[in-house]
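Q: coords please:
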Amino acid sequence: MLCRLTIRDFVLVDRLELEFQAGFGTLTGETGAGKSILVDALAFALGERADSSLIRTGSERAEVTAEFALERSPEASEWLLAHDMDSEGGLLLRRLVDANGRSRAYVNGSPVTVQQLREVAEALVDIHGQHAHQSLMRGEAQRALLDAHARLDPLLAEVGKAWRVWRAARTTLDTASNDIEALAAEREQLAWQADELAALGFSVEEWATLNDEHKRLAHAANLVDGAEHSLQVLAEGESACEARLGAVANRIDGLAEYDSALCEIGVLLHSAQAELAEAISSLRRYASRAELDPRRLAEIEQRIDAVLGCARKFRCKPEELPALLARCQERLAILGAAADVGALAERVAAARGDYERLARRLSDSRREAAAALAGEVSQVMQQLALGGGRFEVGLVPVEGGNAAGFEQIEFRLAGLAGNEARPLAKVASGGELSRISLAIQVVTSQAASVPTLIFDEVDVGIGGGVAEIVGRLLRELGADRQVLCVTHLPQVAARANWQWQVSKSTEAGEVRSLVTALENQARVEEIARMLGGIEITEITRQHAKELLGRA
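A: This is a model prediction of the structure:
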């Protein structure tokens, strides 16, 4: 669960550290005080979009750190182990964004990509935004919700992959059938290029060897003269270094009998004498092998000319010729397969069979999940003043199928405006949509594995007795997981196990958001404010106490 949230210079928040409790908690306060900013800060730490507009005015960067306990997050622990990160002592997510809009993310102190941050965050927190009911109008969002609720995303990924394989095979077959002449011309051109390159028999290693050998043979005369001259100076001339160094070393050895300070110098001279002797020996061996070889030089130059000529012909660097040959051979293999239309047709049929088999499995699973989801949501709807309403999940066939399977998902409603089930967007009012959205979120959250649920003003458009039921549902959710709700409803706030008040203050011309944990009388006052507005009377206080007492 979420244990601690530290926010620095984020929108209206300068410095804030919050320690969270288990169960059901609420964030309350005046409109515009910054309640949703806290949810936005957490979403930022979990990998949501980031830019410089999130930075508090006058600051260089915004930073949010979220600390989680992992007792109820086995998926997050597995993710840490898979990425060689320590899972002992919890999980720390940290994210920063600077004035240039660049963001950095860390998991337990190790730098990660934003995508990796989102991966681990999916196992930790599920955020339901205040406009969630608007997304229910989109068929794609409805399909995604059903698939996620039924744990069908892995199967959906398999279906999508099979669909792409089938489409690619079909495209290859169509191309082979329609462009036979063009493919034949391309194959002939590539065959000529491949034969030419293969006949050259050239490799990148040979090019390096050719250049080294050419450089040596082209300067062979200078190399021979240099070696012989060096031997004369070092060992074979009248004033050769070897003999003179030996004489100096012997003279120092004799003098060292009278002054031991010369012993160290003698040692250095004998060492130099030994190294000089070794250098002279190596130089003699080199001089004995060094020779002029005009014939070999001509062969090397001829080979280099052939390679350069081929490179000019194919407009590439010499060292790129082997890679060009590999590409030609690979493309020829593809074209050879494409020329066999019968084999391509068999491949298309096999790919289509794989796709249809997986898509049928997905359809069967969706049909079962749709019936279960419809029944559970309908049951919750009865508690939310939507008595008589019936929620249905329709599977609308898609001709030929697509990457998401054989059907599109359509949420439908019956019983509120006639018995016939019709698409949600056509029969539900704004207030009804809010309640239906909440019912769906409550049901899907009960089946979710994430330990922390955030509801950001999802109770907009709800009031009266329905609000009390919403509070009770959220409290029931909080019995076995952590639930945080941003709300304006006193009936919901009163049901919470704990409550924070968000307020806004102005200091030195700067607007800041503050968070206060409410206890006892302070909580009564906040509930009374939510009930009665600006002027709080004893009657509203008594009503607040009654709400808290019933909770």
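
Q: contacting residues for the closest residue to Ala99 other than its chain neighbours?
A: The spatial neighbour of Ala99 that comes closest, neighbours along the chain excluded (Cβ to Cβ, 6 or more residues apart in numbering), is Ser52 at 5.4 Å. C-beta here means a position set from N, CA and C on the backbone, and glycine is covered the same way. Contact partners of Ser52, counting by Cβ atoms under 8 Å, 6 or more residues apart in numbering, are 97-101.

Q: now with 7 Å, please.
A: 97, 99-101 (Cβ atoms under 7 Å, 6 or more residues apart in numbering).

Q: how about Ala494?
A: With contact set as Cβ under 7 Å, 6+ apart, Ala494 has these partners: 471, 527, 547-548, 551.

Q: tally of neighbours for Arg366?
A: Here the number of neighbours of Arg366 (other Cβ atoms under 10 Å) works out to 24.

Q: where in the stretch 451-551 of the chain is pLDDT low?
A: Within the stretch 451-551 of the chain, the set of residues satisfying pLDDT under 70 comprises 458, 461, 508-509, 533-534.

Q: same question, the stretch 151-300 of the chain
A: By pLDDT under 70, the weakly predicted segments of the stretch 151-300 of the chain are 177-184, 290-292.

Q: where exactly do the helices run in it?
A: In the stretch 151-300 of the chain, the segments counted as helices under DSSP state H, counting those that start in this stretch are 153-178, 180-200, 204-218, 220-231, 241-255, 262-289, 294-313.

Q: check the stretch 301-450 of the chain too.
A: Taking DSSP H, counting those that start in this stretch as the criterion, the stretch 301-450 of the chain carries its helices at 321-339, 341-383, 424-427, 430-447.

Q: just list what the longest one packs against, helices and strands only.
A: The elements that helix 341-383 packs onto, with contact taken as 3 or more Cβ pairs under 7 Å, 6 or more residues apart in numbering; DSSP states H and E, are helix 139-149, helix 153-178, strand 390-402, strand 405-414, helix 430-447.

Q: in a markdown table: those, plus mean neighbour count.
A: Shown next, in a markdown table, are the helices and strands packed on helix 341-383 (neighbours: other Cβ atoms under 10 Å):
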| stretch | mean neighbour count |
| --- | --- |
| helix 139-149 | 18 |
| helix 153-178 | 16 |
| strand 390-402 | 15 |
| strand 405-414 | 21 |
| helix 430-447 | 21 |
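
Q: now do the same contact list for Arg118.
A: With contact set as Cβ under 7 Å, 6+ apart, Arg118 has these partners: 46-47.

Q: would you mind measuring from the residue nearest the centre of the chain to Ala157?
A: Closest residue to the average C-alpha location of the chain: Gln115 at 2.1 Å, with Cα atoms, centre = their mean. Distance of Gln115 to Ala157, given as Cβ to Cβ, to the nearest Å: 16 Å.

Q: most neighbours among the contacts of Ser52, which one?
A: Within the contacts of Ser52, neighbour counts (other Cβ under 10 Å) peak at Val97, which reaches 23 neighbours.

Q: how far away is it from Val125?
A: 19 Å.

Q: quick one on the thing from earlier: most packed of the helices of the stretch 301-450 of the chain?
A: Ranked by mean neighbour count, the helices of the stretch 301-450 of the chain are led by helix 430-447 with a mean of 21 (mean count of other Cβ atoms under 10 Å).

Q: and it, what does it pack against?
A: helix 132-135, helix 139-149, helix 341-383, helix 464-477.

Q: excluding sequence neighbours, find me the nearest residue to the residue nearest to the centre of the chain.
A: Distances taken as Cβ to Cβ, 6+ apart place Gly47 nearest to Gln115, at 7.6 Å, with adjacent residues excluded.

Q: wasn't that neighbour part of a helix?
A: No: if the criterion is DSSP: H, G, I helix; E, B strand; the rest coil, then Gly47 is coil and not within a helix.

Q: right, and it touches Glu119 too?
A: No: with contact defined as Cβ atoms under 7 Å, Gly47 does not reach Glu119; the gap is 8.4 Å.

Q: so which of these two has more stuff around it?
A: Each of Gly47 and Glu119 has its neighbours counted (other Cβ under 10 Å); Gly47 has more, 22 against 18.

Q: and the pLDDT for the more buried one?
A: Looking at Gly47, its pLDDT reads 90.

Q: dihedrals phi and psi, Ala121?
A: For Ala121, the backbone dihedrals are phi -70, psi -30 (criterion: degrees, to the nearest 10).

Q: got it, and His128?
A: Torsion angles at His128 (phi, psi; degrees, to the nearest 10) stand at phi -110, psi 110.

Q: how many other residues sit next to it?
A: A count of neighbours around His128, defined by other Cβ under 10 Å, yields 22.

Q: could you do Ser87 as well?
A: Close neighbours of Ser87, defined as other Cβ under 10 Å, add up to 15.

Q: over to Ser230?
A: Burial of Ser230 is recorded as 16 neighbouring residues (other Cβ under 10 Å).

Q: and the gap between it and Leu373?
A: As for Ser230, its distance to Leu373 is 91 Å (criterion: Cβ to Cβ).
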